[in-house]
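Q: can you look at this prediction? I've put the sequence above it.
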Amino acid sequence: MKIGIVGAGQAACTLIAELIRGQFDGNILVFNRESRSPYQRPPLSKSWLKNPTDTQSIRLLPEPIETHSSVQWIQEHVQAIEPDNGAILTNTRHTVDHIVLATGTRAKRLTIDGLPSDKSHVIRTVDDAVRLNHKLSDALNIAILGAGFLAFELASSLDHPERTIRVLARGNRALPQISAKAAERLVDQSPASVYVGIRIDRYDEESAVLVTNHGPIPADLVIMAVGAEPNTELAKACDLGSHEGIPTDSFMQTNHPLVSAIGEVSLHDQPHLGESARIESISEANDTAITLAKRLLGQPEPFSATPWFWSDQGDLKLQIAGLCARSDEESCLLDTETERVVIRHRGDQITAVEAINAAKEFMAARRLFEEDGISLKATLEQGSLFRLLQSSRS
Amino acid sequence: MPQLICIDPAEQAINVTFELGETILQATHRAGVDGIIAECGGGCSCATCQVILNADWDETLDAPSAQEADMLSFAIDPTPYSRLACQVELNEKHDGLRLLVAKRQY
């Protein structure tokens, strides 16, 4: 059997590693557009950004797997796929038995009148990190657009006594993905000044400011951390996806039997949410890849994971069990000078646990989510999460 | 180059060369040692890179940070000599260090 994987990020690499460890009997073609070995993305916005030359330390695959005889790396741009023929088209035509779309997401960019391209940055690739790093030495004022995890990680990584970092949010608060109680702690500790409700009119290059509804905001550099969009063009062209993602079943199969989709492009039923969603996190990349590997190895098991997430901001470590949760109530389980744990619930279900500098509570919550699966109803009634969390502290 | 001796979950001994200042995870990952999962890639966030050090080496190492100790308490069957491979930096004293990869990471 020959499998063709389009993409070489976290999901693609986990799939490759799982197949090889599972004694996969066949060949794997991997289409990687970048000219370097696959690498981890989370370090790009963390301390690695200060010295973005050591690509060895962020390599994603162990050498024996990357160079395994069943894996063939193809550095060509994929222009189209033909599901019925099992064909992947670059400037040549590659025929496989199964196509895996692991095309990931790309950073969104905003168009700002007057902003020259050398002052406009995103962080998604090693090249982006190197490009930003080269411009840092004379940037005294940095404006980060967007107020999500990436913006605050960048603010911590770029913190310097002579530099002013401003995070500009379009919405009415920072970190809308998490509870206000958890967000407040991260914002308080951030070296950045946070501005909310910002509308940008244009960039004035002469005075190096962003002209906004709140007046001029100094910006020698502008970093756009306004979210990501899925790379679904290949899927769209053969009616397997839309701009929202590539729909799959719980075994990562798309609407075509010869095509699967994994990682951040896949749009599938998320058991912990009780609905279909596309989730951007390392856990999603790994868990969808593991689900597909099991199917390709002939031992299918449906996707059942609860996504989790972490973010490092200076001395603060945020860990979340249960991502993209909706909640109508939030309560603090723990609130000290350095730690905070917020439980989010909806009705009588716990939908997420957000832990700041509280690894035990995070791990206890993950354990419990795994054990209870989707039925967390009983959990809150019986108070077992609270008991587990309390016992974890004694 | 200095070396670690890793016993993987299949009880195979593997010699792993390391560079000073890198972590056990970086060295074992490069060598492709089985059984160290490190879902989070080395961010002390998932507790799936548990290794058990030979007791003799304990005093050549700094004690785990509070974060590492907390994560370890939820690893599978931790021992007093368990560490997270992503949090242990290697120096010249660690040439010949023996470690056991945890049988299960989750």
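A: Yep, it's here.

Q: neighbours of whichever residue of the stretch 201-350 of chain A sits closest to chain B, just the number please.
A: Closest to chain B within the stretch 201-350 of chain A is residue A:310: 3.9 Å, counting by C-beta to the nearest C-beta. For glycine as for every other residue, the C-beta is placed from the backbone atoms N, C-alpha and C. Residues within reach of residue A:310, counting by other C-beta atoms under 10 Å in any protein chain shown, total 21.

Q: go on, the one 10 residues further on?
A: Using other C-beta under 10 Å, residue A:320 has 29 other residues around it.

Q: look up how far residue A:186 lies from the residue in the stretch 101-250 of chain A positioned nearest to chain B.
A: The minimum distance from the stretch 101-250 of chain A to chain B, using C-beta to the nearest C-beta, falls at residue A:153 (11.4 Å). Distance, residue A:153 to residue A:186, using C-beta to C-beta, to the nearest Å: 10 Å.

Q: ok so, going back, need the contact list for the residue of the stretch 101-250 of chain A closest to chain B.
A: A:45, A:46, A:311, A:312, A:313 (C-beta atoms under 8 Å, 6 or more residues apart in numbering or on different chains).

Q: still on that earlier bit, quick check, pLDDT for the residue of the stretch 201-350 of chain A closest to chain B.
A: In this model, residue A:310 is scored at 93, pLDDT.

Q: likewise residue A:389?
A: Model confidence at residue A:389 (pLDDT) stands at 60.

Q: might one say that residue A:94 is in contact with residue A:87?
A: Yes. Contact criterion C-beta atoms under 8 Å: residue A:94 and residue A:87 qualify, at 6.9 Å.

Q: which one's more surrounded, these two?
A: Legend: neighbour count by other C-beta under 10 Å for residue A:94 and residue A:87, higher for residue A:94 (19 against 15).

Q: backbone phi and psi for the more buried one, please?
A: phi -110, psi 130 (degrees, to the nearest 10).

Q: quick one: residues contacting the residue most central in space within chain B.
A: Centroid-nearest residue in chain B: residue B:85, 3.0 Å away (criterion: C-alpha atoms, centre = their mean). By C-beta under 8 Å, 6+ apart, the contact list for residue B:85 reads B:23, B:24, B:25, B:28, B:36, B:38, B:49, B:50, B:51.

Q: please report phi then psi for it.
A: Given degrees, to the nearest 10, the pair of backbone angles that residue B:85 has is phi -60, psi -30.

Q: how many neighbours does residue 17 have?
A: In the absence of a named chain, chain A is used. Quick note: residue A:17 (other C-beta under 10 Å) scores 23 neighbours.

Q: let's do chain B instead
A: Neighbour tally, residue B:17, other C-beta under 10 Å: 12.

Q: returning to that earlier point: for the contacts of residue B:85, which one is nearest residue A:261?
A: residue B:38 (24.7 Å; C-beta to C-beta).

Q: quick check: the closest residue to the closest one other than its chain neighbours vs residue B:27, distance?
A: Closest residue in space to residue B:38, ignoring its immediate chain neighbours: residue B:49 at 4.2 Å, by C-beta to C-beta, 6 or more residues apart in numbering or on different chains. In this view, residue B:49 and residue B:27 are 12 Å apart by C-beta to C-beta.

Q: all strands for the stretch 101-250 of chain A, in order.
A: In the stretch 101-250 of chain A, the strands defined using DSSP state E, counting those that start in this stretch lie at A:105-107, A:120-121, A:141-145, A:164-168, A:193-195, A:200-204, A:209-212, A:215-218, A:221-224, A:228-230, A:246-247.

Q: ok now the fourth one, how far from the chain's centre?
A: Counting by C-alpha atoms, centre = their mean, to the nearest Å, strand A:164-168 is centred 22 Å from the centre of its parent chain.

Q: again, but for the third one
A: When C-alpha coordinates are averaged (C-alpha atoms, centre = their mean), strand A:141-145 and its chain have centres 21 Å apart.

Q: residues from chain B in reach of chain A?
A: B:22, B:26, B:29-34, B:39-41, B:43-47, B:67, B:70-71, B:73-74 (C-beta under 8 Å from any C-beta of the partner chain).

Q: where does the stretch 201-350 of chain A have low pLDDT?
A: Within the stretch 201-350 of chain A, no range satisfies pLDDT under 70.

Q: got the residues of it near chain B?
A: Neighbours of chain B within the stretch 201-350 of chain A, by C-beta under 8 Å from any C-beta: A:282, A:283, A:286, A:308, A:310, A:312, A:317, A:319.

Q: try it again at 10 Å.
A: A:282-283, A:285-287, A:308-312, A:317-319, A:338 (C-beta under 10 Å from any C-beta of the partner chain).

Q: of those residues - the most surrounded one?
A: Going by other C-beta under 10 Å, residue A:319 tops those with 29 neighbours.

Q: so what's that residue bridging to?
A: Partner residues in beta bridges with residue A:319, using DSSP bridges, are residue A:310, residue A:355.

Q: distance of it from residue B:43?
A: Taking C-beta to C-beta, one finds residue A:319 at 10 Å from residue B:43.

Q: what touches both of those two?
A: A:310, A:311, A:312 (C-beta atoms under 10 Å, 6 or more residues apart in numbering or on different chains).

Q: any chance of those residues in JSON lines, plus distance to residue A:15?
A: JSON lines is the format used below for these (distance: C-beta to C-beta, whole Å):
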{"residue": "A:310", "distance to residue A:15": "22"}
{"residue": "A:311", "distance to residue A:15": "25"}
{"residue": "A:312", "distance to residue A:15": "26"}
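
Q: mind listing the helices for chain B?
A: Along chain B, counting by DSSP state H, helices occupy B:24-31, B:66-72.

Q: ok, which of those comes nearest residue A:22?
A: Using C-beta to C-beta, the helices of chain B put helix B:24-31 closest to residue A:22, at 18.8 Å.

Q: centre of the chain to that closest one, how far?
A: Centroid separation between helix B:24-31 and its chain, computed with C-alpha atoms, centre = their mean, is 9 Å.

Q: how about stretch A:91-110?
A: Distance, centroid of stretch A:91-110 to centroid of chain: 17 Å (C-alpha atoms, centre = their mean).

Q: hey, C-alpha coordinates of that stretch in CSV?
A: Extracted in CSV, the C-alpha atoms of stretch A:91-110 (Å, rounded to 0.1, in the frame of the first residue of the first chain):
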residue,chain,number,x,y,z
ASN,A,91,4.6,19.2,-11.7
THR,A,92,4.6,15.5,-12.0
ARG,A,93,1.9,13.0,-11.3
HIS,A,94,2.2,10.7,-8.2
THR,A,95,-0.2,7.8,-7.9
VAL,A,96,-1.1,6.4,-4.4
ASP,A,97,-3.6,4.1,-2.8
HIS,A,98,-4.7,6.6,-0.2
ILE,A,99,-4.4,10.4,0.1
VAL,A,100,-4.0,12.2,3.4
LEU,A,101,-4.7,15.9,3.6
ALA,A,102,-2.6,17.3,6.5
THR,A,103,-2.4,20.8,5.0
GLY,A,104,-2.8,22.7,8.3
THR,A,105,-3.6,26.4,8.6
ARG,A,106,-1.9,29.6,7.6
ALA,A,107,-1.7,32.9,9.5
LYS,A,108,-4.3,35.4,8.5
ARG,A,109,-3.0,38.8,7.4
LEU,A,110,-4.8,42.1,7.5
